[in-house]
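Undergrad: give me the fold of what follows.
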Amino acid sequence: MIKIEINEIPLFVKPGISILEATRLLGIIVPRFCYHETLSVAGNCRMCLVEVLNAKGPVASCAILVDEGIKIFTNTPLVKKARENVLELLLVNHPLDCPICDQGGECDLQDQAKIYGSDFSRFFFKKRSTEKKNFGLLIKAIMTRCIHCTRCVRYSTEIAGVETLGVLNRGVNSEIGNYFKQVLNSEISGNVIDLCPVGALTAKSYMFKARPWELKLVESIDTSDTLGSNILINIKDNKIVRILPKNNFNINDSIITDKARFSFDGLNYNRIIKIIKKNQETNTFNTISDWNVVLNNLNSSLIKKTLILINNEIDVESIELLKLLAFKNKKNFILRTLQTTNNTNYLINWNSCKIKDINKVSSLCLLLCTNPKIESAIINSKLRIKFLNESFNIIGLSNYYNSNFKFKFINLSLKFIKIFFESKKKLLSTLFIKSINPIICTGDLTIIRNLKVDNLKNLITNINILQTSSSILTKLNIKSLSTNDFKNISSLWLVDLNDTNFLYKKLVSLKNLNTQVFWFNNFGSYLANKAYLIIPTYSNFEESKIFINSEERPQQTTKSINSNTTTRSFSAIIKTIINKKNENNLNHFQFNKEIIENPELFNNLKIIFSKKLLKNNNLNIKKINSYPFKLLTNNFYNTDKISKNSKIMLNCSNEYKNLFLNFSH
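TA: Take a look at the predicted model:
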């Protein structure tokens, strides 16, 4: 520790920090534009000027490190005049369009001009303008407002891994632009909107929608992937107008993906708002408003053999209820998932495998059956930052993909990888054994191919296993669907499913057997047209639900908007059915309240599902599949039910498929 003085107040700080960071320890606010905690230091806005004893003039506090005995002053007349002059220069070419700027009301330039600026200007010549820039389908660029802080340039280069932005020209002609007419073609490009301290970069979906003081703020989590990024939802007139990241340095830091930020418009399209019943005789659909009709049909369907299909977008409470209903109706009730699962003890310990552990000192990362750039863009950005700042080797096993950082690709046979993850010491490479805190990133293919990654915990205790795309259904031992499950069923429940050709062909064949199909979903589809009863349910924005992310951390969504009056919660429907059967044994549902406070309780939930509720169900042991490795998804913008109904994500997906370098306006 070294001793310094700030405004004649003695302070002991760590050596190597900047003056700006030292002033924050005392709660002293030093204005800045170019400095950001997650980016490298540029020192080009000069707004953070302070006075240092015996220095020739004001110095940039973000770029100067503290030294023993240094004396710093942040409120002297010289500092105040210097900041006033800097703001005067920044406003020379800045347009006076605050009333129509989407950044108005939350603009750093507005705030600092009011606090540190002057009420007059010495410059009266014509303001400079720049040509319109194309930053893609998601970002609106008005570069006449740009103050050249270069936050967007540093973010795209250092974190997003897209080196398309830079400072063009020199001197008074300098401007931020993109090289070769390329755009920010990145899965996390929307974060430059939050980084921009002025209105130069704003969201196209938020154009002229609202002002900050008109918005209601709700904290929630993102359910578009398995990471569970923390988000802030802005609501106006019961409509979501934008989504922003919430700082959580245990999960997503201060960034979110473009899918989490922009896909919410999918709630406005193809929604089911009324109960629809099919007339079997005339083959027509009629709307009904009586929920008793729905409950009576569901109760009667459970008398005979019923097959229920779910996917990985379902919440914990709904799984608990379905498991209980399956346990009470063992003979007539089959619960399955369309995802391929296995009976491997794929239980990762939450205490020893956390996302924040990526920041620990590590020398090796193995990418097994995963493309983190698509499956978990936030984890991919963390790996990229670690790769750039440390001596960190990244090795890809089993499949190759285009990444935004360099990694070694080893095309190993499936047989070798299987033995490798069965903890056979003699086949483990010297690089892996001698590595410091190795990291393994796994995807859904690891589960499908029955690779027992958790066995490595028995061999190397300091290993960190991260799941970039893993379903809670695997952890809770939900069996995958087989063709034998369709035999002799009288009813079929489809819960939150997406369209698949396999299921569509099955529904066509089941139609001839007079099987009743019940469609539980927020959205319609061509599969819903084959259903006997279409039942609207709440979305994740319309109900508080508990989800388990990829590191087994329980998180709860918050009810953000009110839904249609005819819509019901799926878990409430199942509760009503259980209560009508006089099976009121719902005591274990109090577990949902406790699991948020104590994430370790999720291990107990896995034990309950794997032993007690499935003791009479024999899980089939699948042999390892030797089919060549192929990633399950290659389209980042089209993965969950909301993004599949989003027009913004559809446009991005089309451009991604066409591999265009330049997005159209």
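Undergrad: confirm residue 298 sits in a helix?
TA: Yes: in this structure, residue 298 lies within a helix as judged by DSSP: H, G, I helix; E, B strand; the rest coil.
Undergrad: distance check, it against residue 124.
TA: Taking Cβ to Cβ, to the nearest Å as the criterion, residue 298 is separated from residue 124 by 74 Å. (Each C-beta comes from the backbone N, C-alpha and C, glycine too.)
Undergrad: residue 496 too?
TA: Between residue 496 and residue 124 the distance, using Cβ to Cβ, works out to 62 Å.
Undergrad: which of those two has more residues huddled nearby?
TA: When neighbours are counted by other Cβ atoms under 10 Å, residue 496 and residue 124 differ, and residue 496 comes out ahead with 22 against 5.
Undergrad: show the pLDDT at that one.
TA: Per-residue confidence for residue 496 comes out at a pLDDT of 88.
Undergrad: may I have the phi/psi pair for it?
TA: Dihedral angles phi and psi of residue 496 (degrees, to the nearest 10) take the values phi 60, psi 40.
Undergrad: okay, now residue 283: neighbour count?
TA: If you count neighbours by other Cβ under 10 Å, residue 283 ends up with 7.
Undergrad: make that residue 182, sorry
TA: 16.
Undergrad: quick check: it vs residue 200, distance?
TA: Note on residue 182: its distance to residue 200, by Cβ to Cβ, is 18 Å.
Undergrad: can you pull the contacts of residue 540?
TA: Contacts of residue 540 were listed using Cβ atoms under 8 Å, 6 or more residues apart in numbering, and they are 223, 557, 642.
Undergrad: I'd like those residues as JSON lines, with secondary structure and pLDDT appended.
TA: What follows is the contacts of residue 540, written out as JSON lines (DSSP: H, G, I helix; E, B strand; the rest coil; pLDDT from 0 to 100):
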{"residue": "223", "secondary structure": "coil", "pLDDT": "90"}
{"residue": "557", "secondary structure": "coil", "pLDDT": "92"}
{"residue": "642", "secondary structure": "helix", "pLDDT": "91"}
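Undergrad: so where is the stretch 401-550 of the chain shaky, pLDDT-wise?
TA: Counting by pLDDT under 70, the stretch 401-550 of the chain contains low-confidence ranges at 412-415, 418-430, 445-461, 470-471, 474-475, 501, 510-513.
Undergrad: quick one, strands of it?
TA: Assigned by DSSP state E, counting those that start in this stretch, the stretch 401-550 of the chain shows strands spanning 408-410, 439-442, 464-467, 491-495, 516-521, 533-536, 546-548.
Undergrad: what pairs with the second one, parallel or antiparallel?
TA: Partner strands and pairing direction for strand 439-442 (DSSP bridges) are strand 364-368 (parallel), strand 464-467 (parallel).
Undergrad: can you check the first one too?
TA: Partner strands for strand 408-410, per DSSP bridges, with pairing direction: strand 393-397 (parallel).
Undergrad: tally of neighbours for residue 232?
TA: Counted with other Cβ under 10 Å, the neighbours of residue 232 add up to 16.
Undergrad: ok, the one 10 residues further on next?
TA: Burial of residue 242, expressed as a neighbour count using other Cβ under 10 Å, amounts to 21.
Undergrad: how about stretch 161-174: buried residues?
TA: Taking 16 or more other Cβ atoms under 10 Å as the neighbour-count basis, stretch 161-174 is seen to contain the buried residues 161, 162, 164, 165.
Undergrad: which of the residues you listed lies closest to residue 115?
TA: When these are compared for distance to residue 115 (Cβ to Cβ), residue 165 wins out at 29.7 Å.
Undergrad: surely the closest one is in contact with residue 183?
TA: No: here residue 165 does not reach residue 183: they are 9.3 Å apart, not a contact under Cβ atoms under 8 Å.
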